[in-house]
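Show me the folded form of this:
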Amino acid sequence: MLALRKRTALQAVRANRVHKRLLSNPASILEAGESVLRESSPSKKVSISLHAQDLWRHSRIPLAHASSWPSNLPDFPARPDLPKLYEPKDMPSEKVFPIPVAILHALAHIELGAIDNYWDTVVRFEPSPMNDSYTLPTDFYREFVDVACDECRHFDMVSTRLKELDTFYGALPAHRALLEHANNTRDSLAARLAVVPLVQEARGLDAGPRLVHKLKSIGDPISAEVVAQLVFEERGHVSSGIKWFKYLCDQIGKQPIPYFHELVRKFFLEGLPGPFNLEARLAAEMDEAWYIPLEMKKRHERNINEKAAEETCQVRNSTSDKVILIAGSVWPERTSSAAGVRTCDIIEMLQEEGWRVLCVSPSRLNDHTNRLIERGVECVQVDPNTDAFENVIKSSQLNIKAALFDRFIAEEMYGWQVAKLAPTAHRILDLQDLHFLRKLREHAVLKKKNDFRSTLESTIDVEPVMSTVLRELACIFRSNSTIYVSEFEKEMLVNRFGVSPNSLVAMDYVADASILNEPQLDFMDRKHVAFVGSFKHSPNVDGLHWMKDKLWPAIRSKLASDVELHIYGSYASAKDFQALSLASDNIRMMGFCENVHQTLSKYRVSVAPLRFGAGIKGKIIDSWMVGTPVVSTSVGAEGMHYGTNHWGGMVADTPEEFAESLATLYLDPVEWSKAHDAGTELCRSKYCRDTQKKALLSLLTEPIQENWIGRILC
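Numbers count the residues shown, from 1 in each chain. The predicted structure is shown next:
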């Protein structure tokens, strides 16, 4: 017995020495990952992870340091004494704790589990297993090390907020479910990817908006912001899971979606609980086909029978002859995108003319719907894959004259039901932009590394995104009318894809006349360069990195040393701040922009350095509305009436041209004034509210044209 104690003590000493060495100098990523799994302290797990990531990024350690892959990994990762872990069914109630503390503690536990689960994925599954038929490239391991380290940052963010609330991770009980899921999938990489990123992480996307809303409603915006940031970044983790699950299926000869369903039904016998956050899942490259067939039957039935009582406002019975249904994957709102602003303007114009507006969406009711309801808009959460929509229409005896689908995804969800339940309604698709064109350009620039100027022709090869092309075109042909904003996109639809020009209606962004009429600062009272855009939008993120790496160095050489680039945007991650906030180069991340027009009005020039995208560019019109000239690319200027006699800035597609254009506007008051006046004139002429309202009302009052192709496709 004494010998056993001595041997155990000696092993502990050796293990401690190894651990100390690993903290400072792991021999490889695998050794660091194994150390994380055997380390019980959450803070040390984070330290080991981030240090190893930094070493690997700088090529100071390899993936593996031995010829064989680790074979003696722990069944479960080490855990601290606190929190005490329970089976999910035995979890004590958390109602005795403040709501923010309970939410954040649960999230900290999830993030810690994710750290271990992703490191376990890295070290457990070797590149070429003897008992399987796949091979994994180094990029697989690199991507999931990065994901594990994202989870480390998330754990730190939540832990810091818990400390600010005078508590800590471990103060509340927690469940064992995450550990069990990892253990149950330790023999199958496909199962691991299906269960961890594609189920666990995706369920976080579903719950996130509800948690953010809850925290805001109880007066804790700081915690709400932390949670919103985490949920947004988790989209990338789900996307990584989709990417590598598809890669693996290709290697082993499986169809991804059916195989995913097979695996999920094995580990989640009752299916997956809804409702699902369609917008967030789609942004993570996970469309409805992945998860809707897996929805729990009990929850599915509950949503049909109780949804109206629990989660929607009551739809009034009506005999009004001017009812329009507006359907979208998310609720219309003004804070996130130009498309959202435009839809809200459409709603206001319709109400001014006596139209009763009913909005439907699969998304939960939230602050945005509260604002819509205050303006007399009826909002109903409706699962498009149930009888709920039919129940709403029949029970309220709605006489729907028109249905407006906010982007093609909404038409896919609700168009067939409108055709069945309101066959005489005018079905209108509002493109906002050609989704497939934006995705195609993104593929060409980011994946194929093509010069973005090669994507500007309507003859561009669409094969890489053919499935999206066919889906979007089918929606256009099914609809009686389609609203577009870009003449380039109209010409592409008509000349290349055979869409009837008679079915296409132009309707632009609306410039707020009250803002246009406000006094504006002149040339000498403005300074610096601004960029405004959401970090949810991949063209913005790509454009900013291009700006930092290529454009800004060329621009700085032509301007005074004190001129700065100020970047505003919502949902910027810690990585974004680290990569883009460079004080030494006069680039400053300014965070979320509360009032875009007040902000832009202070700057001499704004930039829209877009290498891919489509449709309207709200950031350009917002700049023009306050008299700020814009330098953009041909992609940014497309659909923005470029080519007219005067444009509110300059267009440039190379670093040299961009720098020259920006310097001209920044330094020459005459050229600046010309661009200032041109932008204002475009807002008054092309983006005039009366013009857009006239186009909308004309569309709604004209007879519906025969659409035999649409009837066939319906």
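
buried set for stretch 289-299?
In terms of neighbour count (16 or more other CB atoms under 10 Å), stretch 289-299 has its buried residues at 290-292, 294-295. C-beta: built from backbone N, CA, C; applies to glycine.

Please identify which of those is nearest to Leu667.
Distance to Leu667, by CB to CB, is smallest for Trp290 among the buried residues of stretch 289-299, at 52.5 Å.

Starting from Ile567, give me the distance back to that closest one.
Between Trp290 and Ile567 the computed distance is 34 Å (CB to CB, to the nearest Å).

can I get the buried residues of stretch 289-299 in TSV with distance to Leu662 and secondary structure?
Formatted as TSV, those follow (distance: CB to CB, whole Å; DSSP: H, G, I helix; E, B strand; the rest coil):
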residue	distance to Leu662	secondary structure
Trp290	44	helix
Tyr291	45	helix
Ile292	47	helix
Leu294	51	helix
Glu295	51	strand
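
Between all of those residues, which two are separated the most?
Spatially, the most separated pair among the buried residues of stretch 289-299 is Trp290 and Glu295, at 11.3 Å (CB to CB).

Let me see the ranges of the strands in the stretch 51-200 of the chain.
Ranges of strands in the stretch 51-200 of the chain, per DSSP state E, counting those that start in this stretch, are 85-86, 174-175.

just so I know, which of the ones you listed lies nearest Leu198?
With distances scored as CB to CB, the stretch of those nearest to Leu198 is strand 174-175 (20.2 Å).

and that closest one, what other elements does it pack with?
Contacts defined by 3 or more CB pairs under 8 Å, 6 or more residues apart in numbering; DSSP states H and E place strand 174-175 against strand 85-86, helix 99-124.

Partner strands of that strand and their direction?
Paired strands of strand 174-175, with direction, are strand 85-86 (parallel) (DSSP bridges).

tell me the average confidence for the partner strand?
Mean pLDDT, strand 85-86: 88.

List the contacts of it.
With contact meaning CB atoms under 8 Å, 6 or more residues apart in numbering, strand 85-86 is reached by 79, 92, 173-176, 179.

Any chance you could list what contacts stretch 706-714?
Against stretch 706-714 from outside (CB under 8 Å, 6+ apart): 415-416, 419, 427, 474, 477-480, 503.

PyMOL command for the buried members of these?
To isolate the buried members of the contacts of stretch 706-714 in PyMOL, using 16+ other CB under 10 Å:
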select buried, resi 415+419+427+474+477+478+479+480+503
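
Tell me which entries of the contacts of stretch 706-714 lie within strands.
Under the assignment DSSP state E, those contribute Arg427 to strands.

Pick out the most distant pair among the contacts of stretch 706-714.
Trp416 and Ser503 (18.6 Å).

among the helices and strands packed on strand 174-175, which is nearest Gln200?
Nearest to Gln200 among the helices and strands packed on strand 174-175 is helix 99-124 (7.6 Å), distances taken as CB to CB.

How far off centre is the closest one?
21 Å (CA atoms, centre = their mean, to the nearest Å).

For it, buried residues please.
For helix 99-124, using 16+ other CB under 10 Å, the buried residues are 99-101, 103-124.

quick revisit: please produce CSV containing the contacts of strand 85-86, extended by neighbour count, distance to Ile252 and pLDDT.
Output for the contacts of strand 85-86, formatted as CSV (neighbours: other CB atoms under 10 Å; distance: CB to CB, whole Å; pLDDT from 0 to 100):
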residue, neighbour count, distance to Ile252, pLDDT
Arg79, 18, 33, 93
Pro92, 10, 43, 82
Pro173, 18, 40, 92
Ala174, 23, 35, 92
His175, 19, 32, 88
Arg176, 17, 30, 85
Leu179, 17, 27, 81
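
So which of those sit within helices?
Leu179 (DSSP state H).

which one among the contacts of strand 85-86 gets closest to Pro629?
Closest approach to Pro629 among these (CB to CB): Ala174, at 54.5 Å.

Am I right that that closest one is in contact with Leu107?
No. Counting by CB atoms under 8 Å, Ala174 stays clear of Leu107, with 10.9 Å between them.

and Pro609, which of the strands of the stretch 51-200 of the chain is closest to it?
Evaluated over these, closeness to Pro609 peaks at strand 174-175, with 45.1 Å, by CB to CB.

And the contacts of that closest one?
With contacts defined as CB under 8 Å, 6+ apart, strand 174-175 is touched by 83-88, 91, 105-106, 109.

Likewise for stretch 160-173?
The list of residues contacting stretch 160-173 from outside it, by CB under 8 Å, 6+ apart, reads 42, 80-86, 91-92, 94, 97-98, 100-102, 104-106, 108-109, 112, 155, 158-159, 222-223, 226.

rewinding a little: please pick the buried ones from the contacts of strand 174-175.
For the contacts of strand 174-175, buried by 16+ other CB under 10 Å: 83, 85, 105-106, 109.

Can I get the contacts of strand 85-86 in CSV including distance to Glu31?
Converted to CSV, the contacts of strand 85-86 look like this (distance: CB to CB, whole Å):
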residue, distance to Glu31
Arg79, 21
Pro92, 38
Pro173, 33
Ala174, 28
His175, 30
Arg176, 27
Leu179, 22
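
For Gly204, state which of the contacts of strand 85-86 is nearest.
Closest to Gly204, out of all of those and judged by CB to CB, is His175, at 14.8 Å.

Quick check: chain neighbours aside, which residue is closest to the closest one?
Excluding the flanking residues, the one nearest His175 by CB to CB, 6 or more residues apart in numbering is Pro88, at 4.7 Å.

who touches that neighbour in this structure?
Applying CB under 8 Å, 6+ apart to Pro88 gives the contacts 175-177.

how close does it get to Ala177?
Noted for Pro88: a distance of 5 Å to Ala177, by CB to CB.

Repeat that for Ile428.
45 Å.

Please apply the same query to Ile555.
Remark: distance between Ile555 and Ala177 (CB to CB) = 52 Å.

quick one: which of those two has more around it?
Using other CB atoms under 10 Å as the criterion, Ile555 and Ala177 rank with Ile555 on top: 25 against 17.

Need the three-state assignment for that one.
Of the three states, Ile555 takes helix under DSSP: H, G, I helix; E, B strand; the rest coil.

likewise the one 4 residues further on?
Under three-state DSSP, the three-state class of Leu559 is coil.

Am I right that it is in contact with Tyr666?
Yes. Using CB under 8 Å, Leu559 is in contact with Tyr666, at 6.1 Å.

Neighbour count: those two, which is higher?
More crowded of Leu559 and Tyr666, by other CB under 10 Å: Tyr666, with 24 against 17.

The more buried one looks like it's in a helix, true?
Yes. Looking at Tyr666 with three-state DSSP, it is inside a helix.

Enumerate every residue touching it.
Going by CB under 8 Å, 6+ apart, Tyr666 touches 529, 559, 563, 604-605, 672.

I'd like the residues you listed as JSON lines, with secondary structure, pLDDT and distance to Lys243 appended.
Formatted as JSON lines, these follow (DSSP: H, G, I helix; E, B strand; the rest coil; pLDDT from 0 to 100; distance: CB to CB, whole Å):
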{"residue": "Val529", "secondary structure": "strand", "pLDDT": "98", "distance to Lys243": "35"}
{"residue": "Leu559", "secondary structure": "coil", "pLDDT": "97", "distance to Lys243": "40"}
{"residue": "Val563", "secondary structure": "coil", "pLDDT": "98", "distance to Lys243": "40"}
{"residue": "Arg604", "secondary structure": "coil", "pLDDT": "98", "distance to Lys243": "42"}
{"residue": "Val605", "secondary structure": "strand", "pLDDT": "99", "distance to Lys243": "38"}
{"residue": "Trp672", "secondary structure": "helix", "pLDDT": "98", "distance to Lys243": "45"}
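
Just send the residues you listed back as JSON lines, with distance to Gly543 too.
Output for the contacts of Tyr666, formatted as JSON lines (distance: CB to CB, whole Å):
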{"residue": "Val529", "distance to Gly543": "13"}
{"residue": "Leu559", "distance to Gly543": "19"}
{"residue": "Val563", "distance to Gly543": "19"}
{"residue": "Arg604", "distance to Gly543": "19"}
{"residue": "Val605", "distance to Gly543": "15"}
{"residue": "Trp672", "distance to Gly543": "22"}
